[in-house]
Every structure is written in C-alpha cells, then in structure tokens.
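K.L.:
Okay, predicted coordinates and the sequence, questions at the end:
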Amino acid sequence: MGFVRADAFGRTSAPGVYAAGDLTTPLQAALAAASAGMVAAATLNHELTVARALTRGAAPAKPPAAAHGPGETAG
C-alpha cells in the first residue's frame, strides 16, 4: 500500500535507515506517530552509541530500558 516496512524499533531493511509514524502505518494518528518516532530515535541513538563505543574499544552501552515498540509492553 505504499508504506515503508519497519520493525517495532523503526529499523528498515536498509542499514541506518529508520521510519516511523504515518510512513509505516495507515493509522494516521498524531500521538501514535510521535510515539513511534520516539522509539525509532531512541533505537538510532542506542545503535550509534554502541557503534562509537565499539570503534573506541569500550564496552557497549546497555540497551534502552523501554526497549519495546508502541503499543507493546515489556515482559
């Protein structure tokens, strides 16, 4: 239907490309889009932090505490 496929963290099949909100779902809901964008941004930040730590030889950072997508619960 023209939407971009992304996992629960906003990652697409292209490395380093993230998508969220109205681009990934037909819901067209501002609150859900904002939530999905926050999750994608947090995942991107985490992955960049880990990549930087690994290139500097440091231990990788722990994943975000709320490592689940919009509408999902940790458990």
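P.N.:
Received the coordinates, thanks.
K.L.:
Buried residues, the helix or strand harbouring residue 42. List them.
P.N.:
Secondary structure from DSSP states H and E places residue 42 in helix 30-55. Within helix 30-55, the residues that qualify as buried are 32-33, 35-37, 39-40, 42-44, 46-47, 50, counting by 16 or more other CB atoms under 10 Å. In short, each C-beta sits where N, CA and C put it, glycine included.
K.L.:
Closest one of those residues to residue 24?
P.N.:
Taking CB to CB as the measure, residue 36 is the one of the buried residues of helix 30-55 closest to residue 24, at 6.8 Å.
K.L.:
Please verify my assumption that the closest one contacts residue 11.
P.N.:
No: using CB atoms under 8 Å, residue 36 makes no contact with residue 11, being 11.9 Å away.
K.L.:
Low-confidence stretches in the chain?
P.N.:
1-2, 57-75 (pLDDT under 70).
K.L.:
Residue 18 versus the residue sitting nearest the centre point of it, what's the distance?
P.N.:
Nearest to the mean C-alpha position of the chain, by CA atoms, centre = their mean, lies residue 40 at 2.5 Å. As judged by CB to CB, to the nearest Å, residue 40 and residue 18 stand 4 Å apart.
K.L.:
shared neighbours of the two, anything?
P.N.:
By CB atoms under 8 Å, 6 or more residues apart in numbering, residue 40 and residue 18 have these common neighbours: 6, 10-11.
K.L.:
Please indicate which of these are buried?
P.N.:
Buried by 16+ other CB under 10 Å: 6, 10-11, out of these.
K.L.:
Turn those residues into JSON lines, columns for secondary structure and distance to residue 23.
P.N.:
Below are those laid out as JSON lines (DSSP: H, G, I helix; E, B strand; the rest coil; distance: CB to CB, whole Å):
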{"residue": "6", "secondary structure": "coil", "distance to residue 23": "8"}
{"residue": "10", "secondary structure": "coil", "distance to residue 23": "10"}
{"residue": "11", "secondary structure": "strand", "distance to residue 23": "13"}
